[in-house]
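**Q** Provided below for reference: sequence and predicted model.
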Amino acid sequence: MQKVLVTGAAGFVGGWVAESFDLAGIPVRAGVRRWSSASRLVRRKLEVAPCDVTSVPQLRAAMADCDAVIHCAVGNEEVTVRGTENVLAVAHEMRLERIVHLSSVAVYGEPTGIVPEDHPRNGSSSAYALHKISAENICEKYMQLGAPVVILRPTIVYGPFGYTWTVSFAHRLFSGKWGTFGKHGDGTCNLVYVTDVVQAAARALTSDRAVGATFNINGGDIVTWNEYFRRFNAALGQPPLKEQAIWPIAAKSRLMAPIRAAGRFGLSHCKDWLMSLNAKSALAAQYMRATESSLKVTPTAGQLRLFGRKVDYPNYHAKELLGYQPLVGVSQGVQTAAAWVRQKHLLF
Amino acid sequence: MRPILACQTMLFSADGASLERAYRIRLETLCKKGFQLMGSAVEKRYESTLPKIAIIGCGAAAREFCLPVLNRYRGFRNSVWLVDLSGPQAKSLASEFGVENYGSDYSCLPDDLAAAFITTPHHLHAEQAIHFLNQGQSVFVEKPLAMSALEVTNMIAAAEAGRATLMVNNCRRLFPSYCAIASKLHATEFGNIRAIRICDGSPFEWKSVSDFYLKHADQAKGVFLDRGAHTLDLICWWLSSFNETPQVVEALWDAMGGQEASMDVQLTCGSTVVELAFSRLFKLQNRYTVECDTATISGRLFNPTSIEITRQGKRQVVHVAKPRGYHEHAWQLIDNFIGVVRQTEEPFFKAIDVAPSISLIEEAYRKANAFDMPWYSSDPNIPWLRQQFSGQLSHNVFK
C-alpha cells in the first residue's frame, strides 16, 4: 500500500496538495490538527486523520501505511520548529521513502537581486523567517543522517483558498482605499500559483535527484506589485486603481503598527474576553470593527518594503533537477483567484 | 407577561387548530414577548431546585450551553445525569462540573427522570428525543431539531402522545433585533417584503469533541444544516404572516462527494425573493438586508441589540435592547425549559415552530447542484498529476 501523508492539510497549500492528489487519484491522507479545521477537505471523500505535529503518537498513527510525507504544517514556534523535528524524527524512524518539507523564501530575509538557493539565510526580518530557518536546520540534520529529505522554498503563493496574498488583497482592492504605489510598488512580485507548488511537491516525491536538495519554487511570469494590484483589481471588476502617495501610507502604517501588535496579542491571549466585550458593548464593538477595517487596508511596514524590493528567486535548479515547469501564468492565476473570490462572496 | 403566557398556553393546547395557523399566531406573541424578556439579564436562581435531568451527549454543546445554566440551580450536583457513549468523556465532564451521576448508556438514569437535553450528533436527535418523549419526559434538543421533516413529525407526535414538551435551541429567535424585525414585518409597517439577503459565514471553530461533523455518512451534512438551521428558521418566522410558503428556487454547493463547506440558496415566497449564502471556510459579511416597499431593514447578523432602517435615503440605527452575549440567549432558553419542566413557565416557543425550516432545508439539499469550480476543472496541474502518476499507482512510485 502506498500513500502520502500531508501535514497541515487544513491550510492553504496543504489543502491544495491533499485535494489535487486526491483528484489525480494519488492515495493521500490529509493530516489536520483539529477536526473543526477540516471543513474544506471533507467536501471530498478523502481520508482525513488527526495529525497534530506536536504530538509524536499522533504522527506515528498518521504515518502508518504511508510511504512519504509532504510537511506543510506551519504555525507558532512550537508547530513550525518542534513540529518539524517531530515529523522528521517519526518519518526517519518509520523509514519513509521521501520527506518533502515546505519552507519559504522568507528564509533569505529581505534580499535584493538574484537569490539562488545557496544565498545566505537571514532570520532577522521576522519570527516566521527565523522559525523556518530553524525548521530547515532540522531537515539538514536529518539529511546528514541519511533521511530522504527535500526542501522546497515557494515564493508568494496565491490562488483560491489563499488568505494572505489573495483574500486580503481582494478586501483591500474592494475597499477603494488601495492603489498603486509608483516606484515604491515597482518591486518584484514573485507570484507562484498554488497548484504549481503542488506540482513541485509531486516532482520532489518522485525525483531521485531531489533528495538532499533545496529548491526555490517560483512562478513563470515575473510582474511588479503594482502590476499584480492592477490585474487582480481588473479581474475583480473594480474601477481602475489610482496611484497613491507613499508617505501618508507609510505614516499610517507606522501608526497602526502598535495597534496591530496589540490586536494580535489580544486575539492570541484573551480572545474570549474580547468577544464578550464586543457582544456587550456597542461602543467597543464599533471601535473594534473600525480598527479591523482600518488594519485590513493598511499595509505593514514589512509589506511596504516588499512592494518596492527588486528580487528574483530563480527556478533553474528546480527546472533542472525536478523538471519543474510552472503551468499557470499570472493572467490565468489572477482570473481564477478573482472568480473564486466573487463566487464565495468575499468581496465586502 | 401573564396575558401572553395565557395566550401561549391556549395556543399550545389548541389541538384542533391547523399547525400552520397556530404557528403563525404563536410567533406574533413571541415577537411581543421577546421585547419583554430581552431587557433583563439571565437571573441567578439558586433558590430553585433542579428537577432530575439527563444530558445525553457530553460534547461542546453540553459544556457551553447546558451545564453553565443548570449549575446555577440548587441540587445541581445530584440532579443531573450525564450520558455519553464514551464513558471517559462523560466522566471527564462530570468531574469538570462536579456532577455525581454519569454513565455510558440509559441504564444509569433514574426512573423518575423529569427531562432530557439532547446534545448528540444531529442524526441522533430524533431517535433519542422520541425515546424520552414516549416516556412522558420533556426534551430540549440542540439545533438542528432533526434531519428531516419526517423526523420532526415523529418527534412532535411522540411529544403529544407522551404529553411532554419538546423544545429546540434555536436561540436566535430570542435576539431582540430579530424579534423587532418580525414584529415590523408582521405588522406590514413598511409594506410588502421585496427581498431578503443574508450572508452567514465564518471559519468553522466549533469545539467539537468528536469528528461527527466531518463524517461522510449521509447524516453528516455541512454548513447549510448547521448554520441554515438558524437562518432558515428566521426566514420562515419573518415570512410567516404572509399566506405563502417559501419554496427553494436554486441551491448551489461545493460538496464533491462529501459535505458542503459553502452553499448559496435562493428561495421565493410569493413575490419575495430570498438570497442566502453560507460558508464555514471564510468570514462573510454576516449581514442581513430586508427590502420592503417603503424601507430597508438591515443589520449585523450577530448584533442582537440594534437594527438599521433606511427610508428615503435616510439611515436610522434603532437600539432595541441592551447588549448581551450570544450564549446568554441560549442560556435564557434553557432556563425557560427548566421552568417548563417545573410547570412554572410556558415555553417561549416549541419545536413545532421550527418545523417549516427543517422542511425547507431538506428541500434545498434535495435540489442542490454543484457550483461551477474552474479552479479544479480547468487547472492544468491536476491532469498533469493524473498523467504522471497513472502508470505508477500499482507499484511503489517512491522506489
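**A** It's in.

**Q** going forward, measure contacts and count neighbours with C-alpha atoms only.
**A** OK.

**Q** break chain A down into its domains, please.
**A** A:4-154, A:159-192+A:221-309+A:328-348 (automatic domain parsing).

**Q** any idea which helix or strand comes after the host helix or strand of B:A180?
**A** Per DSSP states H and E, B:A180 falls inside helix B:176-186. Using DSSP H and E, the helix or strand that follows helix B:176-186 towards the C-terminus is strand B:193-201.

**Q** what does that next one contact?
**A** By CA atoms under 8 Å, 6 or more residues apart in numbering or on different chains, the surrounding residues in contact with strand B:193-201 are B:185, B:227, B:271-293, B:301.

**Q** now that strand against helix B:176-186, angle please.
**A** Here the directions of strand B:193-201 and helix B:176-186 differ by 160 degrees (axes from the mean of the first three to the mean of the last three CA atoms, to 10 degrees).

**Q** what pairs with strand B:193-201, parallel or antiparallel?
**A** strand B:272-279 (parallel), strand B:287-292 (antiparallel) (DSSP bridges).

**Q** what is the neighbour count of residue 201?
**A** In the absence of a named chain, chain A is used. Applying other CA atoms under 10 Å in any protein chain shown, we find 23 residues neighbouring A:A201.

**Q** hm, I was asking about chain B
**A** 23.

**Q** find the nearest non-adjacent residue to it, please.
**A** B:S279 (4.3 Å; CA to CA, 6 or more residues apart in numbering or on different chains).

**Q** can you give me every residue that contacts the one you found?
**A** So B:S279 contacts A:K344, B:D200, B:G201, B:S202, B:P203, B:V223, B:A261, B:S262, B:M263 (CA under 8 Å, 6+ apart).

**Q** also A:H101?
**A** A:I70, A:H71, A:C72, A:C139, A:V149, A:V150, A:I151, A:L152.

**Q** which residue ranges of the stretch 1-150 of chain B form strands?
**A** Secondary structure of the stretch 1-150 of chain B (DSSP state E, counting those that start in this stretch): strands located at B:53-56, B:80-83, B:101-103, B:115-118, B:138-141.

**Q** show me what the third one is in contact with.
**A** The reference is to strand B:101-103. B:R77, B:N78, B:V80, B:W81, B:L82, B:V83, B:D84, B:G87, B:A90, B:K91, B:A94, B:C108.

**Q** give me the buried positions along that strand.
**A** Using 16 or more other CA atoms under 10 Å in any protein chain shown as the test for burial, strand B:101-103 gives B:N101, B:Y102, B:G103.

**Q** show me the beta-bridge partners of the last one.
**A** Each beta-bridge partner of B:G103 is listed here: B:V83, as defined by DSSP bridges.

**Q** and it, how far is that from B:D84?
**A** 7 Å (CA to CA, to the nearest Å).

**Q** what do the two both touch?
**A** B:A90.

**Q** lowest mean pLDDT across the domains of chain A, which one is that?
**A** When those are compared by mean pLDDT, domain A:159-192+A:221-309+A:328-348 comes last with a mean of 91.

**Q** please compute how far that one lies from its chain's middle.
**A** 15 Å (CA atoms, centre = their mean, to the nearest Å).

**Q** now do the contacts for A:C72.
**A** With contact set as CA under 8 Å, 6+ apart, A:C72 has these partners: A:V6, A:T7, A:G8, A:A9, A:G11, A:V13, A:G14, A:H101, A:L102.

**Q** which ones among these map onto helices?
**A** Secondary structure assignment by DSSP state H places A:V13, A:G14 of the contacts of A:C72 in helices.

**Q** center of chain A - which residue?
**A** A:V157 (5.8 Å; CA atoms, centre = their mean).

**Q** nearest residue to it in space, please, no chain neighbours.
**A** A:V192 is the one closest to A:V157 (CA to CA, 6+ apart), at 5.0 Å.

**Q** what strands flank whichever helix or strand that neighbour is part of, and is each parallel or antiparallel?
**A** Assigning secondary structure by DSSP H and E places A:V192 in strand A:191-193. Strand pairing for strand A:191-193, using DSSP bridges, gives strand A:156-158 (parallel).

**Q** residues contacting B:L225?
**A** Going by CA under 8 Å, 6+ apart, B:L225 touches B:P144, B:I361.

**Q** number of nearby residues for B:T268?
**A** Neighbours of B:T268 (other CA under 10 Å): 19.

**Q** was I right to think it contacts B:V248?
**A** Yes: using CA atoms under 8 Å, B:T268 is in contact with B:V248, at 6.6 Å.

**Q** contacts only, for B:A115.
**A** Taking CA under 8 Å, 6+ apart, one finds B:P51, B:K52, B:I53, B:A54, B:F132, B:Q137, B:S138, B:V139, B:F140, B:V341 in contact with B:A115.
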